[in-house]
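Colleague: Build me a model:
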Amino acid sequence: MATFVLVHGGWAGGWIWRRVTPLLRRAGHEVFTPTLTGLGERAHLNSPAVNLDTHAQDVAGVLEFEDLRGVILLGHSYGGMVITAAAELAAERLAQLVYLDAWAPSDGECATDLIGPGTAASFEERAREKGDGWKMPPMPPQWIHVYEEPDVRWMESLFRPQSLQTFLQPVRLASAKAAALPRTFIYCREPALGLFESSVAKAKAGGWRYFEMATGHCAPVTAPQQLADLLLKLA
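Modeller: Got it, this is the predicted structure:
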């Protein structure tokens with residue numbers, strides 16, 4: 001039996017795994033889907049103080065208080081930033097890291113660095129205009145390819161603004177144990193979102209296990225069986 005901890009992406013919540021979790025549990029595995037502070041059912045905790053460290057501590061806290069070991073820790077999209085930072089705090093509890101169409105930062109990089117030049121300024125401007133200066137409203141649906149299938153429009157009502165600092169705070173990497181963890185990258189290619197090419201290149205150059213899925217960015221919703229089958233292979 002494997003233990004999965006699945007970390008959602010930006011503006012989302014643990015709810016995004018609702019179609020994947022039953023498939024993994026039916027195969028006999030243990031699954032945790034924490035919601036990061038300030039999002040989902042924890043949206044009431046959002047504040048300007050919430051940053052990448054907060055979210056890394058959220059995940060490390062689940063690992064500690066559930067006493068989980070040998071964990072397959074997966075991050076989707078922005079969740080790649082989170083699992084990278086969380087591994088620094090709890091590498092001894094992890095078996096591998098899985099990046100699902102996600103950012104895979106190097107030391108000193110933040111999410112906006114990986115999106116591209118000028119992104120930090122555009123995020124800050126959007127936060128000033130529509131987020132009281134400190135929070136990022138959910139991006140337009142076409143930006144994240146939410147509407148690949150007619151039955152996923154329900155997602156729009158569940159996305160919540162996210163603290164700008166989660167995108168601007170760089171990750172700090174110093175743990176040799178974390179650096180030695182096996183890594184897998186799963187690329188969602190149809191349609192490709194166009195935000196993770198640098199992370200794909202990093203994964204290939206680093207000799208990570210690499211897979212592609214014939215679905216768009218919101219694979220947990222649009223291709224749950226395909227994703228679950230792939231995760232079962234990793235287990």
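
Colleague: Moving C-terminal from the lowest-mean-pLDDT helix or strand in the chain, which element do we reach first?
Modeller: When the helices and strands of the chain are compared on mean pLDDT, DSSP states H and E, helix 141-144 comes out lowest with a mean of 53. Counting by DSSP states H and E, the next helix or strand C-terminal to helix 141-144 is strand 162-163.

Colleague: after that following strand, next one along is what?
Modeller: Assigned by DSSP H and E, the successor of strand 162-163 is helix 165-168.

Colleague: Next, the contact list for Val50, please.
Modeller: By CB atoms under 8 Å, 6 or more residues apart in numbering, the contact set of Val50 is Thr37, Gly38, Ser163, Gln165, Thr166. All C-beta spots, glycine's among them, are computed from the backbone N, C-alpha and C.

Colleague: And those residues, which of them are buried?
Modeller: Thr37, Gly38, Ser163, Gln165, Thr166 (16 or more other CB atoms under 10 Å).

Colleague: Model confidence for the last one, exactly?
Modeller: Just to be clear, that refers to Thr166. Here, the pLDDT recorded for Thr166 equals 98.

Colleague: got it, and the first one?
Modeller: Each residue has a pLDDT score; the one for Thr37 is 98.

Colleague: Sketch out the helices for this structure, chain order is fine.
Modeller: 21-26, 52-65, 79-90, 111-115, 119-130, 141-144, 165-168, 176-179, 197-205, 219-222, 224-234 (DSSP state H).

Colleague: Which among the ones you listed is found nearest to Leu100?
Modeller: For the helices of the chain, distance to Leu100 was read as CB to CB. The smallest value, 6.5 Å, belongs to helix 219-222.

Colleague: Buried residues, the closest one. List them.
Modeller: Residues of helix 219-222 classed as buried: Ala219, Pro220, Val221, Thr222 (neighbour count, 16+ other CB under 10 Å).

Colleague: My read is that the third one contacts Trp17, right?
Modeller: No - the pair Val221 and Trp17 does not pass the contact test of CB atoms under 8 Å, sitting 9.1 Å apart.

Colleague: so what's Ser77 up against?
Modeller: Here Ser77 is in contact with His8, Gly9, Gly10, Ala12, Leu100, Asp101, Ala102, Trp103, Ile144, His217 (CB under 8 Å, 6+ apart).

Colleague: Can you read off the backbone torsions of it?
Modeller: Main-chain torsions, Ser77, degrees, to the nearest 10: phi 60, psi -120.

Colleague: now it, nearest residue through space, not along the chain?
Modeller: Residue nearest to Ser77 in three dimensions, not counting chain neighbours: Gly9, with 2.9 Å by CB to CB, 6 or more residues apart in numbering.

Colleague: Next up, phi/psi of the one you found, please.
Modeller: Dihedral angles phi and psi of Gly9 (degrees, to the nearest 10) take the values phi -100, psi -170.

Colleague: Neighbours of it, how many?
Modeller: Residue crowding around Gly9 was assessed by other CB atoms under 10 Å; the count is 26.

Colleague: and what of Ala180?
Modeller: Neighbourhood size, Ala180 [other CB under 10 Å]: 8.

Colleague: Distance check, the residue nearest the centre of the chain against Pro220.
Modeller: Nearest to the mean C-alpha position of the chain, by CA atoms, centre = their mean, lies Gly79 at 1.7 Å. As for Gly79, its distance to Pro220 is 10 Å (criterion: CB to CB, to the nearest Å).

Colleague: same check, this time on Ala127
Modeller: According to CB to CB, Ala127 and Pro220 sit 26 Å apart.

Colleague: Please apply the same query to Lys204.
Modeller: Taking CB to CB as the measure, Lys204 falls 23 Å from Pro220.
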